[in-house]
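K.L.:
compute the structure for the input listed below.
(one chain, ligands or ions: 1)
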Amino acid sequence: MALAAALLVLLVATPAAYAVQYTVGDSTGWTTTGDYTTWVQGKTFTVGDTLLFNYDSSHSLDEVTQSDYDNCNSGNALKTHSDGNTVITLSNTGPMYFICPTVGHCAGGMKLAVNVVAASGNTPPTTSPPSGSTTPSGTPPSGSTSSPPPPPSVAPSITNNGLMLGFSLVLGAVLAIMS
Ligand SMILES: [Cu+2]
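P.N.:
From the prediction side, this is the model:
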């Protein structure tokens, strides 16, 4: 019974579809020693999530096109930030590209590309009950020059608190009966 209660609490407390803030480079921040190709691996960036760039005054942040990202060209930046503590909201699906415009920094690897996918909460609710996880465990290909966008999530659409709570209550009741 205690186990069931614990699971119930855990499930109810699990965030379902809330925005995530990613600190770019984690504790390293936005700097020349960061490896942002590695940093993005395994992360899913969803519309509504935010990127936090922490950097000192030797760096800036330019949002650029793919071409300018590839060529480290900061002359046509779509947006420029230099406040040292920049929060970028991922408001559209598709790729976004960031570079540091300080001379030599982008060429040295201070560049970030993310692919933003639609929030699963945008899909219409389904009537099928949530079943066991069917999330594929694919590993990203290494060495590819242009990786395709990740497949849309196939996780059950437990995308709002109502569904989540209902599912949790049913599971909790089942577990309580079994224990
Ligand atoms: Cu820099």
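K.L.:
doesn't Ala77 make contact with Asp68?
P.N.:
Yes: assessed by C-beta atoms under 8 Å, Asp68 is found in contact with Ala77 at 7.5 Å. Yep, even glycine has a C-beta here, placed from its N, CA and C like the rest.
K.L.:
now the helices for the protein?
P.N.:
Assigned by DSSP state H, the chain shows helices spanning 2-13, 36-40, 66-71, 161-178.
K.L.:
interface residues of the chain facing the ion?
P.N.:
59, 100, 102, 105, 110 (C-beta under 5 Å from the ion).
K.L.:
got a list of what the last one touches?
P.N.:
Put plainly, it is Met110. Neighbouring residues of Met110 by C-beta atoms under 8 Å, 6 or more residues apart in numbering: 30-32, 34, 36, 59, 99-100, 102.
K.L.:
what do you get for the first one?
P.N.:
Going by C-beta under 8 Å, 6+ apart, His59 touches 30-32, 100, 102, 105, 110.
K.L.:
take those and keep only those in strands.
P.N.:
Applying DSSP state E to those, no entry is found in strands.
K.L.:
now distance to Gln41 and pLDDT too, for these, in CSV please.
P.N.:
Formatted as CSV, the contacts of His59 follow (distance: C-beta to C-beta, whole Å; pLDDT from 0 to 100):
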residue, distance to Gln41, pLDDT
Trp30, 17, 98
Thr31, 19, 98
Thr32, 20, 97
Cys100, 20, 98
Thr102, 25, 98
His105, 21, 98
Met110, 17, 98
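K.L.:
now restrict these to buried residues only.
P.N.:
By neighbour count, with 16 or more other C-beta atoms under 10 Å, those hold 30-32, 100, 102, 105, 110 as buried.
K.L.:
which residue ranges make up the domains of this protein?
P.N.:
1-16+160-179, 18-125+140-157 (automatic domain parsing).
K.L.:
mean pLDDT for those domains: which is lowest?
P.N.:
Per-stretch mean pLDDT for those is lowest at domain 1-16+160-179 (a mean of 47).
K.L.:
just the closest of the buried ones among the contacts of His59 to Gly84, please.
P.N.:
Trp30 (9.1 Å; C-beta to C-beta).
K.L.:
I am finished for the moment; much appreciated.
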